[in-house]
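Participant: predicted structure and sequence below. I'll ask about it afterward.
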Amino acid sequence: MTEDLRAAEFSPGLEGVVAARTAVSEVDGANGRLIYRGGYLIEDLVPAAGYEETAYLLWHGELPDKSQLDALRREMVAARRLNESARRTLESLGPDVDPMDMLRTVLSAQAASRSLTKPSVPEAVALTAVLPTIVASAYRRRQRRDVIEPRDELGHAANLLWMMDGKEPATERIHWLDSYLVLLADHGLNASTFTARVIASTGSDLASCVVGAIGALKGPAHGGATYAARTMLDSIGSVENADAWLREAHAKHARFPGFGHRVYRTYDPRAKILREMAKTADPRLHQVAAHTEEVALKILHDAHPERPNATNVDFWASVVLTGTGIPKEMFTCLFATSRVAGWTAHVLEAMEDLRIIRPASVWVGPQPGQKPVPVDKR
Amino acid sequence: MPDYVPGLEGIVAAQTEISLVDGANGRLVYRGYVIADLAEEMSFEEVAHLFWFGHLPNRPELDGLAAELSGSRSLTQAAAAALDALPKDADPMDVLRSVVSVQGVRHRLEKPNIPAAIHVTASFPTVLAAFHRRRQGLDPVKPRPELGHAANYLYMLTGTEASPDLVRALNTYLVLLADHGMNASTFTARVIASTDSDLASCLVGAIGALKGPAHGGAPSAVMDQLEQIGTAENAARWMREARARKERFMGFGHRVYRTYDPRAKILKAMCQRLNPRFYDLASRVEETALAILHEEHPERPQATNVEFYSAGVLQAIGLPKDLFPPTFAVARVAGWSAHVLEQASHNRLIRPQSEYIGPEPRKPVPLAERS
């Protein structure tokens, strides 16, 4: 195959290209359904299973029974602590460093090891278990406060809130966070999951895949969107202000963070669940957000009646996380805390039929063959 | 739904002017220049300039870039502390991944830019040399600003100036490996860049991809295999037996080239000159491997790839096996960063589709009722 010179069709963003076969999740955009491994619709799973159960499902293909769940919980509890290299690496970073940079770096250090290991479920469990510890430590450093040790009797979501605040978290906060973590745990071949699968395709280790995925998630066009949505809501501030703010922004061709998605052609099923939760999680912000949504959808529809300009998960996630008491600069880290289950499940799945992902490119540079001129004659 | 394309083979994922892998004609082209015309003529710095700025530098431009690179070689305080915190027996690729991540931390998101590319490219050799010395119980060697990129890397590793021959060899290796179309690590960097993330995140991801044995790990695997074969006389017997056990020959086969890899050709000649012991064994192994592979699949163009003779060149330079993959990264970071800049300049989120092969929707069973 002569890849580059051939007049092959270039599909920007690989839109419409099928890059993997997966049983981990399915984004059924046409019908507005998100299906997790095993065939469970997200709206059925959220009331039935917590984050640990969902992670088990994504890794093993089936929901755990009581003893399997207990075993997983014990395994995760045992893997929550930072090792010496991770702890010292964290301490080397300034407190104001972007928390996603802290997460990327400290996870890389935590996983630095002597030899290459093949991705495995125990490793997926360990990485998933330690992520909240890094996130909470990054937050505490940012606050110039001491890091708080994990508490073994607390579940994944509750322990994260504990390590962030050092206070016993209220039951409803745990519920909101746990639901958020279930909702965001996987979503087809999004850019960070795809990054993890490309890295896995070279035979690399699981930590390298996750570290790469964190870097991709950091981008404002991906995981950074929740932060952007909340920033927009902050700057709108009140129900009364929404109309004028949005029309002005639209006139300046600004995009509305939290709206639009490449896959869904209907309302994002995760956004629907979060919108409902937002009512109790943060009633005041919910009001502003609900009005903002209404106006934004109308403006977008008037501008492009042919486009399905639906609200996406980032918009309502920003409200629920706010109600849970998560500061907005930690939103993307929270997203990573959830998605790591999906990333690792995808890598484990890719192991079954490993083939290096090496697409083609099309050459748009100068005609090959010109001779270089020596430096002093240029 | 369109068909699933394993490995995205043949799918065009980017338009690029940085490098062209012209597989049919066995040419590798950097921004219009054929690699054979650059490899032994240009310094790594000139090629990096070509990638980042789009043209070969004139004298003042080259001096300017060289000064910027040599001025950016030291590690940040945080990076030095992190380097010190990592286990001494860690895989150097994990060390590079972690310390590059530390060097790249910022208070807020920074768009990829050329000064950042220069800075990070300058720091790779420092990270590796400092780690390599540390694990031997030696103090780091301060970079020497008057030395070029290749010469200074060797100097920081050993504390003594390397011979011009070896500096030249490393420079040629760095030029040859500096870019190669849409390989897996470069593609990783571009996917990460497509979310509008920062340069360090792209490079950290690319290092992770390069770590894989099917990508940057290959030259070390070549060395392992040659060590097992041991002698030229042993080659034919060992290799036939290995084949009977369905083992792969390391350093052969490439998805794109249909002729001899132009980089392998240059590295082979260098091996012959610099590492005759390696060459005697390797060339016999190559001959045997190609014969066996041809018998098995006469229709396939089973050519020697760049990893095979890279191993001999890097050994001649004096690098231990586990520094082969990260030294590949020392070269490729020029290409990675150029691709990130290119991707960022006309960006669109890279988000392919997947084909669902799981069960049809069904209801979850409550925890207490699961068996």
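Facilitator: Yep, that arrived. Residues are numbered from 1 along each chain as shown, chains lettered A, B, ... in the order given.

Participant: let's check: the centremost residue of the chain is which one?
Facilitator: If you meant another chain, say so; for now it's chain A. When CA atoms, centre = their mean is applied to chain A, the residue found nearest the centroid is residue A:335 (4.0 Å).

Participant: wrong chain, I was asking about chain B
Facilitator: Note on chain B: the residue nearest the mean C-alpha position is residue B:328, at 3.5 Å, using CA atoms, centre = their mean.

Participant: how near is the residue nearest to the centre of chain A to chain B?
Facilitator: For residue A:335, the distance to chain B (CB to the nearest CB, to the nearest Å) stands at 12 Å. For the C-beta atoms, the positions are set from N, CA and C on the backbone; glycine is no exception.

Participant: which one is the residue nearest to the centre of chain B nearest to, not counting chain neighbours?
Facilitator: Of all residues not flanking residue B:328 in the chain, residue B:216 sits nearest, at 4.6 Å (CB to CB, 6 or more residues apart in numbering or on different chains).

Participant: so the one you found is in which element?
Facilitator: Assigned by DSSP states H and E, residue B:216 falls within no helix or strand.

Participant: distance of residue B:193 from chain A?
Facilitator: With distances taken as CB to the nearest CB, residue B:193 is found 8 Å from chain A.

Participant: count the neighbours of the closest residue to residue A:126 other than its chain neighbours for me.
Facilitator: Closest residue to residue A:126 apart from its sequence neighbours, by CB to CB, 6+ apart: residue A:79 at 4.1 Å. The number of residues packed near residue A:79 is 17, by other CB atoms under 10 Å in any protein chain shown.

Participant: surely residue A:79 touches residue A:133?
Facilitator: No: using CB atoms under 8 Å as the test, residue A:79 is too far from residue A:133 to be in contact (9.3 Å).

Participant: what sits against the residue nearest to residue A:126?
Facilitator: By CB atoms under 8 Å, 6 or more residues apart in numbering or on different chains, the contact set of residue A:79 is A:125, A:126, A:129, A:130.

Participant: please redo it, this time with the cut-off set to 10 Å
Facilitator: Residue A:79 makes contact with A:122, A:123, A:125, A:126, A:127, A:128, A:129, A:130, A:133, A:150 under the criterion CB atoms under 10 Å, 6 or more residues apart in numbering or on different chains.

Participant: is the fifth one in contact with residue A:107, as I believe?
Facilitator: It stands for residue A:127. Yes: Residue A:127 lies in contact with residue A:107 (CB atoms under 10 Å); the separation is 7.2 Å.

Participant: what touches both of these two?
Facilitator: Here residue A:127 and residue A:107 have A:207, A:210, A:211, A:340 as joint contacts, going by CB under 10 Å, 6+ apart.

Participant: which residue sits closest to residue 215 in space, ignoring its chain neighbours?
Facilitator: You didn't say which chain, so I picked chain A. The nearest residue in space to residue A:215 (CB to CB, 6+ apart) is residue B:201, at 2.9 Å.

Participant: could you do chain B instead?
Facilitator: Sequence neighbours aside, residue A:202 is the residue nearest to residue B:215 in space, at 3.9 Å (criterion: CB to CB, 6+ apart).

Participant: how about the closest residue to residue A:161 other than its chain neighbours, secondary structure?
Facilitator: Leaving aside its sequence neighbours, residue A:161 sits nearest to residue A:169 (CB to CB, 6+ apart; 3.8 Å). At residue A:169 the chain is in coil, as set by DSSP: H, G, I helix; E, B strand; the rest coil.

Participant: what is residue A:34 paired to in the beta sheet?
Facilitator: On the basis of DSSP bridges, residue A:34 is bridged to residue A:27.

Participant: that one contacts residue A:269, doesn't it?
Facilitator: Yes: with contact defined as CB under 10 Å, residue A:34 reaches residue A:269; the gap is 5.2 Å.

Participant: right, and residue B:225 touches residue B:213 too?
Facilitator: No: with contacts counted by CB under 10 Å, residue B:225 stays clear of residue B:213, the gap being 12.0 Å.

Participant: which residues do those two both contact?
Facilitator: residue B:250.

Participant: who's more crowded, the two?
Facilitator: Counted by other CB under 10 Å, residue B:225 and residue B:213 do not tie: residue B:225 has more neighbours, with 21 against 15.

Participant: tell me how far the more buried one lies from chain A.
Facilitator: 16 Å.

Participant: helix or strand: which one has that residue?
Facilitator: Residue B:225 is part of helix B:218-229 when elements are defined by DSSP H and E.

Participant: could you dump the helix or strand that that helix is followed by to PDB, C-alpha only?
Facilitator: As assigned by DSSP H and E, the chain's next helix or strand after helix B:218-229 is helix B:235-244. Provided in PDB are the C-alpha atoms of helix B:235-244 (Å, rounded to 0.1, in the frame of the first residue of the first chain):
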ATOM      1  CA  ALA B 235      21.800 -18.500  12.800                       C
ATOM      2  CA  ALA B 236      20.200 -20.800  10.300                       C
ATOM      3  CA  ARG B 237      19.600 -23.600  12.900                       C
ATOM      4  CA  TRP B 238      18.300 -21.300  15.600                       C
ATOM      5  CA  MET B 239      16.000 -19.400  13.300                       C
ATOM      6  CA  ARG B 240      14.400 -22.500  11.700                       C
ATOM      7  CA  GLU B 241      13.800 -23.800  15.200                       C
ATOM      8  CA  ALA B 242      12.300 -20.500  16.300                       C
ATOM      9  CA  ARG B 243      10.100 -20.500  13.300                       C
ATOM     10  CA  ALA B 244       8.900 -24.000  14.100                       C
END
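
Participant: so helix B:235-244 versus helix B:218-229, what angle?
Facilitator: With axes from the mean of the first three to the mean of the last three CA atoms, to 10 degrees applied, the angle from helix B:235-244 to helix B:218-229 works out at 110 degrees.

Participant: would you map the helices across the stretch 251-371 of chain B?
Facilitator: B:262-274, B:276-296, B:306-317, B:324-345 (DSSP state H, counting those that start in this stretch).

Participant: still on that earlier bit, mutual contacts of residue A:34 and residue A:269, please.
Facilitator: In the contact map built from CB under 10 Å, 6+ apart, the residues linked to both residue A:34 and residue A:269 are A:27, A:28, A:41, A:42, A:43, A:183, A:313.

Participant: picking up where we left off before, pull up the overlap in contacts between residue A:79 and residue A:133.
Facilitator: Looking at what touches both residue A:79 and residue A:133 (by CB under 10 Å, 6+ apart), the common residues are residue A:150.
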